[in-house]
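In: quick one, what's the 3D model for this:
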Amino acid sequence: MTYFKFLGSAFVAMIIASAPSPVAAYGEHGHSAFCEAAYQLAQPQTQQRIDALVAQHPGYDSFGSLCSWADDIKSDKKWDWAKPHHYVNFPRSAAKVREDDCPVQGGCILTAIQHHYNVLKHDSEDWQALAFLAHFIGDLHQPMHVSFADDLGGNRARLTYFDQPTNLHRLWDTDMLLRRGGEDSLAKAKQLVEGLAVEQPLVVTDEQTLKWANESAAITRRIYSNYREGQELGEDYTSQWEPVLEQRMQQGAQRLAAILDGLFANGKTEK
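Out: Residues are numbered from 1 along each chain as shown. From the prediction side, this is the model:
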């Protein structure tokens, strides 16, 4: 996959102005829990570097809160160029995501992750690159962000959940998580990391990111195989799928911690 080079923001905005952008993976609570879990798994030196970067933005008081910044800026038009970087679409007829599913112009979550990783590798003081990278790693592990364009990643897939109207995307972003205590982000993070092993430092590559995307794609296809328009869901669905959602959060948190350890702990990442 070709390394994604950011174009001038005005030109990129012109290219992607009509592109759909789904809502935030995991929602605010989920992103906070996800990044707090990664923070707890990271080495102390990495935590210190993260704290220093978070301190550069007075509007956010923790790594968990900073991880929602990439969603918070969506209402500001100057950041429109970043909207396609929250997801990647692949054809319903395809079994897997391929490199060419990521547009050359505008990019997608795959190229955005590689870009912000490379920025941090060369400028470890760039808090925006950290915020984008952490957020997009979280998005990549939420299956509805590796999904189909025709219903905006499940945003148009209507259903009810415990008698409340929602959609497939929001169900996986927020509804299931909040149903199982996800409103307390710190407590959820503690639960997620309990018993998790700390992974060795990771270097981000195009091949690795695509592999992680296809883990989500496989789950997405299973989710849609059971979906019916307007279906009524409740505890049975939660019991079946909530462990999968949490497992993806755990995998992503382990990987994010390992990536940041590679960048921030014990000197520079290997080239």
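
In: in the stretch 101-250 of the chain, which spans are strands?
Out: 146-147, 158-161, 164-167, 232-233 (DSSP state E, counting those that start in this stretch).

In: which of those strands sits closest to Gln128?
Out: The minimum distance between Gln128 and the strands of the stretch 101-250 of the chain falls on strand 146-147, with 23.7 Å, by Cβ to Cβ. (Each C-beta comes from the backbone N, C-alpha and C, glycine too.)

In: circling back: would you list the strands of the stretch 101-250 of the chain in JSON lines and tack on mean neighbour count?
Out: Shown next, in JSON lines, are these (neighbours: other Cβ atoms under 10 Å):
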{"stretch": "strand 146-147", "mean neighbour count": "30"}
{"stretch": "strand 158-161", "mean neighbour count": "17"}
{"stretch": "strand 164-167", "mean neighbour count": "14"}
{"stretch": "strand 232-233", "mean neighbour count": "16"}
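
In: how about CSV for those strands, with distance to Arg92 and mean pLDDT added?
Out: Shown next, in CSV, are the strands of the stretch 101-250 of the chain (distance: least, Cβ to Cβ, whole Å; pLDDT from 0 to 100):
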stretch, distance to Arg92, mean pLDDT
strand 146-147, 9, 98
strand 158-161, 18, 98
strand 164-167, 17, 98
strand 232-233, 21, 98
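
In: distance to Gln43 added to these, as TSV?
Out: Formatted as TSV, the strands of the stretch 101-250 of the chain follow (distance: least, Cβ to Cβ, whole Å):
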stretch	distance to Gln43
strand 146-147	29
strand 158-161	39
strand 164-167	39
strand 232-233	40
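
In: Lys211 is nearest to which of those?
Out: strand 146-147 (11.6 Å).

In: the residue most distant from the middle of the chain, which is it?
Out: Asp163 (27.8 Å; Cα atoms, centre = their mean).

In: what's opposite the closest residue to it other than its chain neighbours in the beta bridge?
Out: Among residues not flanking Asp163 along the chain, Glu232 sits closest, at 7.6 Å (Cβ to Cβ, 6 or more residues apart in numbering). Taking DSSP bridges as the rule, Glu232 bridges to Thr160.

In: wait, Glu232 sits on Arg158?
Out: No: the pair Glu232 and Arg158 fails to qualify as a contact (Cβ atoms under 8 Å) at a distance of 11.1 Å.
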